[in-house]
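J.: structure for the following, please:
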Amino acid sequence: MSARSPITTKGARSIMNSSNGKPRVGIVTLTQSENYGTVLQAYATHKILSECAPDIDFELVPTDVGAVRRRRVMSIVNPANPSFGVSRAMNFASMRRFIRPLLPQVGSRWINIEDRASATEFLATRYAGYITGSDEVWNLAHIGIDSIYYLPGGLTGPKASFATSANRLDLSSLQASDRKKLTESLEAYSYISVRDATTRQLVDELTSRSAPEIIDPTLQCRSLLSNDGTAQKSAQSNARPRILLMIRNRTLGSQISERFGARADVYSCFIRQDDTRFVRLTPQEFVGAFAEFDCVVTDFFHGTCMSIRSGAHFVSFDTEATYGRYESKIKNVLTKLECQDRYFDLTTSSPEGVESLMNRVEQLSFSHDVEGDERIAANLERERAHAALITKNMVEALRGGL
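T.: Predicted coordinates:
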């Protein structure tokens with residue numbers, strides 16, 4: 001598959017409008033991962049903006065990093081890799097099928113942002129405006145300071161950011177020249193909204209402007225997909241509780257299975273855990289699946305988001321050491337929704353912390369405790385209303401420059 005961007009300068013201005021005459025705005029975000037959250041946030045961003053401004057043609061830009069893409073493919077097809085398997089390959093294929101209908105048919109399936117000049121030219125000749133999408137596109141992973149997700153100031157047309165995140169970026173590690181580059185990019189934005197406090201702090205430090213926080217696009221949508229919210233618990237009143245694990249930490253996965261396996265049916269998704277029943281899900285199925293379980297345990301941000309939007313009982317945690325230094329994205333969204341009792345900081349791997357998590361899983365799985373469910377739902381609606389207002393303001397700022 002070629003990574004070369006199909007760029008021509010002839011008639012560039014004419015292709016900034018779609019065939020129906022609407023101005024075309026590019027959503028520059030991640031779309032090519034094998035991660036549920038990546039493709040679902042891209043889908044949700046496109047859906048929200050298209051519904052908010054039907055007079056504008058929003059289009060996902062299929063960006064990727066060439067070296068990362070090659071490593072990803074080799075990892076999937078390498079039999080020596082511990083995570084190799086039919087399930088992973090099928091999962092990757094399902095992600096591609098899900099997001100492909102929203103991507104432009106432009107001669108190349110993806111734009112290699114390692115070639116900054118060609119990627120910038122593609123943006124400049126196809127779009128009348130630009131939106132930096134959600135997910136962690138501002139953390140400078142893989143591509144470094146030349147990341148095109150900090151939109152180049154030389155691009156003509158209005159620029160905005162929509163629930164963008166710089167999660168895992170250590171601002172103190174940046175050199176003065178790097179900070180200057182980021183500042184020049186951010187100052188050229190017509191409107192900036194961010195997903196978390198860490199990113200808001202970055203914008204505050206680098207620019208003279210404030211940036212409102214809004215929740216992830218997958219939480220903003222009341223109806224994300226056609227099957228959203230239709231799942232019902234299939235277990236009967238006298239059946240064993242069903243616990244779903246969507247976690248990276250295999251040690252903790254084994255501990256949960258050992259603790260509850262004799263009294264509950266323990267499942268896992270995305271990453272197979274020992275002594276569990278593995279559930280293979282398409283992105284469409286992933287959105288509605290969490291409502292089928294008595295308790296979800298996850299250290300994934302979008303595992304947390306799907307638990308929240310489905311009304312499932314859940315416990316979320318972090319083990320990455322970096323989250324011992326600043327607020328994680330999981331903790332941030334649970335603080336917004338005033339349900340910190342569902343969050344556990346396991347960054348120090350203390351036995352007391354693990355035991356507290358286990359006790360909460362026990363409570364939610366076996367006692368059918370519903371305390372806090374209505375509060376979470378009400379707070380989610382409040383955050384949705386706030387996000388809708390910010391999105392409207394962002395679109396108006398964008399529209400004014402088209």
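J.: contacts, neighbours, all on C-alpha from now
T.: Will do.
J.: so for the top helix by length along the chain, what's the average pLDDT?
T.: As assigned by DSSP state H, the longest helix anywhere in the chain is helix 373-399. For helix 373-399, mean pLDDT is 97.
J.: can you spell out which helices and strands pack onto that helix?
T.: Packing partners of helix 373-399 (3 or more C-alpha pairs under 8 Å, 6 or more residues apart in numbering; DSSP states H and E): helix 36-52, strand 159-164, strand 191-194, helix 217-220.
J.: show me what counts as buried in it.
T.: Across helix 373-399, burial judged by 16 or more other C-alpha atoms under 10 Å covers 376-377, 380-381, 383-384, 386-388, 390-391, 394-395, 397-399.
J.: from those residues, which is closest to residue 252?
T.: Proximity of these to residue 252 (C-alpha to C-alpha) peaks at residue 376, which lies at 26.2 Å.
J.: so where's the protein uncertain?
T.: For the chain, the stretches with pLDDT under 70 are 1-15, 67, 75-85, 226-238, 368-369.
J.: domains in it, by residue range?
T.: Taking automatic domain parsing as the domain assignment, the ranges for the chain are 13-213+382-399, 242-369.
J.: just send these back as CSV, with distance to residue 223 too.
T.: Converted to CSV, the domains of the chain look like this (distance: least, C-alpha to C-alpha, whole Å):
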stretch, distance to residue 223
domain 13-213+382-399, 10
domain 242-369, 9
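J.: out of these, which comes closest to residue 219?
T.: Here domain 242-369 is closest among these (C-alpha to C-alpha), at 6.3 Å.
J.: ranges for the strands of the stretch 301-402 of the chain?
T.: 314-318, 343-345 (DSSP state E, counting those that start in this stretch).
J.: ok, the stretch 1-150 of the chain next?
T.: 24-30, 57-64, 111-112, 129-132.
J.: residue 347: which of these is closest?
T.: Nearest of these (C-alpha to C-alpha): strand 24-30, 27.1 Å.
J.: correct me, but residue 156 touches residue 125?
T.: No: judged on C-alpha atoms under 8 Å, residue 156 makes no contact with residue 125 at a distance of 9.8 Å.
J.: and these two? Which one has more around it.
T.: Shown here are residue 156 and residue 125; by other C-alpha atoms under 10 Å, residue 125 has more neighbours (20 against 17).
J.: thought the more buried one was touching residue 16?
T.: Yes: at 6.8 Å, residue 125 and residue 16 qualify as touching, with contact defined as C-alpha under 8 Å.
J.: give me the distance between residue 19 and residue 51.
T.: 19 Å (C-alpha to C-alpha, to the nearest Å).
J.: wait, is residue 290 part of a helix?
T.: Yes: Residue 290 sits within a helix when classified using DSSP: H, G, I helix; E, B strand; the rest coil.
J.: in the helix or strand where residue 297 lies, what's buried?
T.: Element membership of residue 297 [criterion: DSSP states H and E] is strand 295-298. For strand 295-298, the neighbour count (16+ other C-alpha under 10 Å) marks 295, 296, 297, 298 as buried.
J.: helices or strands next to it in the packing?
T.: By 3+ C-alpha pairs under 8 Å, 6+ apart, strand 295-298 packs against strand 242-246, strand 314-318, helix 351-366.
J.: list the strands paired with that strand, with their directions.
T.: Strand 295-298 pairs in its sheet with strand 242-246 (parallel), strand 314-318 (parallel), by DSSP bridges.
J.: could you pull up the residues touching residue 353?
T.: 344, 345, 346 (C-alpha atoms under 8 Å, 6 or more residues apart in numbering).
J.: excluding chain neighbours, what is closest to the last one?
T.: Translated: residue 346. residue 319 (4.8 Å; C-alpha to C-alpha, 6 or more residues apart in numbering).
J.: and for that neighbour, the neighbour number?
T.: 16.
J.: ok, now residue 152?
T.: Residue 152: 20 neighbours (other C-alpha under 10 Å).
J.: quickly note the distance from it to residue 116.
T.: Residue 152 is 10 Å from residue 116, by C-alpha to C-alpha.
J.: isn't residue 42 right up against residue 60?
T.: Yes: assessed by C-alpha under 8 Å, residue 42 is found in contact with residue 60 at 7.4 Å.
J.: what is in contact with the two at once?
T.: 29, 31.
J.: ok, now how distant is residue 20 from residue 103?
T.: In terms of C-alpha to C-alpha, residue 20 sits 17 Å off from residue 103.
J.: more neighbours, the two?
T.: residue 103 (14 against 8).
J.: skipping adjacent residues, who's closest to that one in space?
T.: Nearest non-adjacent residue to residue 103 (C-alpha to C-alpha, 6+ apart): residue 60, at 5.7 Å.
J.: work out the gap between stretch 186-204 and the centre of the chain.
T.: 17 Å (C-alpha atoms, centre = their mean, to the nearest Å).
J.: just stretch 313-328 next, same as before
T.: 16 Å.
J.: now do it: everything it contacts.
T.: Against stretch 313-328 from outside (C-alpha under 8 Å, 6+ apart): 167-168, 197-198, 249, 293-300, 304, 307-308, 330, 342-349, 357, 360-361, 364-365.
J.: which of those residues count as buried?
T.: Buried among those by 16+ other C-alpha under 10 Å: 167-168, 197-198, 293-300, 304, 307-308, 330, 342-347, 357, 360-361, 364-365.
J.: circling back to that earlier point, distance of the residue nearest to residue 346 from residue 74?
T.: Residue 319 is 27 Å from residue 74, by C-alpha to C-alpha.
J.: isn't residue 24 right up against residue 61?
T.: No: Residue 24 lies out of contact with residue 61 (C-alpha under 8 Å); the separation is 11.3 Å.
J.: about what we covered before: just send the strands of the stretch 301-402 of the chain back as CSV, with distance to residue 146 too.
T.: CSV is the format used below for the strands of the stretch 301-402 of the chain (distance: least, C-alpha to C-alpha, whole Å):
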stretch, distance to residue 146
strand 314-318, 29
strand 343-345, 33
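J.: and for the nearest residue to residue 95 once chain neighbours are set aside, the neighbour number?
T.: Among residues not flanking residue 95 along the chain, residue 34 sits closest, at 6.1 Å (C-alpha to C-alpha, 6+ apart). Residue 34: 20 surrounding residues under other C-alpha under 10 Å.
J.: residues in contact with residue 34?
T.: Applying C-alpha under 8 Å, 6+ apart, the residues near residue 34 are 91, 92, 95.
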